[in-house]
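Chemist: heads up, no residue letters with this:
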C-alpha cells in the first residue's frame, strides 16, 4: 500500500512537487535566516568585544560608574600587576590595557603655527610591542586607507575623514592637546603614519589610534590604563564563563567603599549589548515559532487546496472499502514523506547559502555610513549544529500539521457527500 | 436474514434537511434482493435511486427504517464496520468511471485488493483475471487518459468485481457511453453475473440497461411504484 501511495505522490505533481516546493522554501528561509541571525549576533558581539569592550572589562568602580565620560582621573593604576593577576585567574584569555581619551588635534602650518584644529576621540592600544594582538583585534591592516601602520613611537593612525578635513597626509605632524590623568594640561607631538576607515561615522570623523606607551607618556598615566580588557582566545563570547569569571574577580578582598577598586564587567553588561546577548535565545525562539506558524498556515492552505481537490479520490477510496482512519493516516503518511523531502531540500539549500555567507560574506559597508554601533561591515552567517534542525523540524511539522487540519474533511463530511463530489 | 436473501429494506426512509425544510428522498421503501439477481432501479431524476444505492452500499445511513445488507444493519454500522462491509462484499460502478488518473489500469484494478491485504501473487492473478473478464489485458499498463470511455468503464467493472464481491452497485453505468460500448458493458456484467453469481443492482433510466434487467423496480418520489420482472427475466441463469 505504501508503494502504491508513493507511486501516486510521485506521479501527481500537485501532490508532490508543489507541496515539496512550499516546504523546501520555508525550510530554506528558516535555515538561511537563522544562520544569518547567528552570524549577525556573532559579528556584532565580536566587533564590540574587539573594538570596544572585550569579553570582560576591568575598570575602577569610579571609572565604571562614569565610563561614558571616559574619566581617566579614575583610571586603573598598577596595570602590569593587575594583568598578571588576571592571567593567573583566567589563563585562557588574552588581557590588553587600553586608554580612551579625548583632546584637541592641532595641525601646524609650515611655520609651526596652528593651521587648523579639530576635536579628537582616541584609543591608545599596544601597537608596537612585538606579538601584540591589538592590531589584529582592531583589524588595522584591513581598515588602513592611506599610509602604513605605526612602526615607531610617536606615530598615530587617524580617521580618514578627519584627515581629509584637516588636510593631513601620511607623515604629517600633529599635536594632541589634552588633559593629563591628574588634571593638568598635556601636549604630545605625534606624526600621522596612516589613515583608517572604521566604517562608523563618529569614529571616522574624530578617531585616533595611538600607541599605549605614547599616550601613557602624554597623559601622565605610567603603568595606568582606563581599562583592561579580557578576550577569550577563540574569539567566541561565552556568557556563562564571562559571568563566572567576573563574579570570581569581583568577590576579591577590596572594600566595597573603595571607589578605585578594580571591578570586572561582562560584555553583556555593556550598554546596548545586554538585551542582544541575554535575549538572543528568546529572539531566535520567537523567530523560529513565527516561521513555524507561517509555514503551517501556508501548508494548511496548500493542504486544503490539495485535499479539496482530492475529495473525490477520498470518496472513491472510501467507497472501495478504505476506512476513514486509514485514508486519513495515508494522507498524513504522504505529508511526512513530503515534509521529509521538502525539509531536506530546503535545509540543504539554506545551509549552502549560509555556508557561502559564512565563508565569503557580503560587504555592506556602503549601507553603514551612519551607523553608531560597532559592527563588521562584512555580513556573515554562522552555521551551528542547531541550524540543521531549525528548518527541518518545522518544515516536517508544518507539513503534517497543515495536512492534519485540512484532512479533517474526511471525518467531517458524510461519506456520501465526499462520494458525490467525485462525480462533479 | 431469510435464507438466500442478500438485501432487505424495511420502511426505509431518508430525509435530507434543505435549508429550513426537509426533502424526503426515500419514503418507507420495502424491498428484498436474493443472491444472483440482476435488477435495476428505474425512475426519473430525484426519485431516490442513487440515495437507495448509497444506503445499500453503506455510504449513507437511513433516517428511519432499516436496511440490512448481507446480515449487517446499515443504520447501526460504525464507519469502520461499514468500510469493512464495502471492502469485502460490495463493488461500485459509477456513471463517470471514477478511475484514479495517476494510476495505470492494472493499479486501478489492484487497489481494492490492496485494501483487502491480499498477498502479491494472489493479487496479480486476480487483477489479470479481472482484466481478462473485461477484455483489457492488453491495456494493463495504460493510464485512464489513454483509454476510451467504454474502456474506462470496463476498467471500473474490473475494479468492482476483482475481489469477487457478493454485490455490485452500478449507478447509471452507461450514461456516458455510446450504444455499442453500452452493449458491451452490459454483456460483460451479465457474463460476470452468470459466471460468478454476483448480484448486480443498477440505478438507471437507460433503455439499453433496462432491456437487460431481469427485475425492474420503479421508484417515483422515493416510493416503490412498481416491482416487476424485467425484459430479460426469462434469461435467469
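Modeler: Cool, got the structure. The structure displayed is predicted, hence computed values, not measured ones. Residues are numbered from 1 along each chain as shown, chains lettered A, B, ... in the order given.
Chemist: How about the contacts made by the closest residue to residue A:101 other than its chain neighbours?
Modeler: Residue nearest to residue A:101 in three dimensions, not counting chain neighbours: residue A:122, with 5.0 Å by C-beta to C-beta, 6 or more residues apart in numbering or on different chains. C-beta here means a position set from N, CA and C on the backbone, and glycine is covered the same way. Contacts for residue A:122 (C-beta atoms under 8 Å, 6 or more residues apart in numbering or on different chains) come out as A:100, A:101, A:102, A:103, A:156, A:176, A:207, A:208, A:209, A:210, A:215.
Chemist: Report the buried residues of the helix or strand bottoming out on mean pLDDT in chain B.
Modeler: Lowest mean confidence among the helices and strands of chain B (mean pLDDT, DSSP states H and E): helix B:179-196, at a mean of 86. For helix B:179-196, the neighbour count (16 or more other C-beta atoms under 10 Å in any protein chain shown) marks B:181, B:182, B:183, B:184, B:185, B:186, B:188, B:189, B:190, B:192, B:193 as buried.
Chemist: Repeat that for stretch B:124-140.
Modeler: B:126, B:127, B:130, B:131, B:133, B:134, B:136, B:139, B:140.
Chemist: cool, and stretch A:56-74?
Modeler: For stretch A:56-74, by 16+ other C-beta under 10 Å, it's A:56-64, A:67, A:70-72, A:74.
Chemist: Repeat that for stretch A:127-146.
Modeler: Buried-residue list, stretch A:127-146, by 16+ other C-beta under 10 Å: A:127-128, A:132-135, A:137-138, A:140, A:143-146.
Chemist: from the contacts of residue A:122, which single one is nearest residue A:406?
Modeler: residue A:207 (59.1 Å; C-beta to C-beta).
Chemist: what's across from that closest one in the sheet?
Modeler: As for beta bridges, residue A:207 partners with residue A:121 under DSSP bridges.
Chemist: and the residue of chain A nearest chain B?
Modeler: In chain A, the residue that lies nearest chain B is residue A:321 (2.6 Å; C-beta to the nearest C-beta).
Chemist: give me the element the residue most central in space within chain B is part of.
Modeler: When C-alpha atoms, centre = their mean is applied to chain B, the residue found nearest the centroid is residue B:169 (1.1 Å). Following DSSP states H and E, one finds residue B:169 within strand B:167-171.
Chemist: Please apply the same query to residue A:150.
Modeler: Counting by DSSP H and E, residue A:150 is part of no helix or strand.
Chemist: List the contacts of it.
Modeler: So residue A:150 contacts A:127, A:128, A:156, A:157, A:193, A:194, A:210, A:211 (C-beta under 8 Å, 6+ apart).
Chemist: How confident was the prediction at it?
Modeler: Reported pLDDT at residue A:150 in the predicted model: 94.
Chemist: Dihedrals phi and psi, it?
Modeler: phi -60, psi 140 (degrees, to the nearest 10).
Chemist: Which residues of chain B lie near chain A?
Modeler: Residues of chain B lying close to chain A by C-beta under 8 Å from any C-beta of the partner chain are B:54, B:57, B:59-60, B:79-80, B:82-88, B:90, B:92, B:94-96, B:98, B:100, B:102-103, B:107, B:110-112, B:114-116, B:159.
Chemist: So which of the residues you listed belong to strands?
Modeler: B:90, B:92 (DSSP state E).
Chemist: Drop the exposed ones from the residues of chain B next to chain A and show what's left.
Modeler: Applying 16+ other C-beta under 10 Å to the residues of chain B next to chain A, the neighbour count classes B:54, B:57, B:59-60, B:82-87, B:90, B:92, B:94-96, B:98, B:100, B:102-103, B:107, B:110-112, B:114-115, B:159 as buried.
Chemist: the domain parsing of chain A - what is it?
Modeler: A:2-47+A:275-421, A:56-234 (automatic domain parsing).
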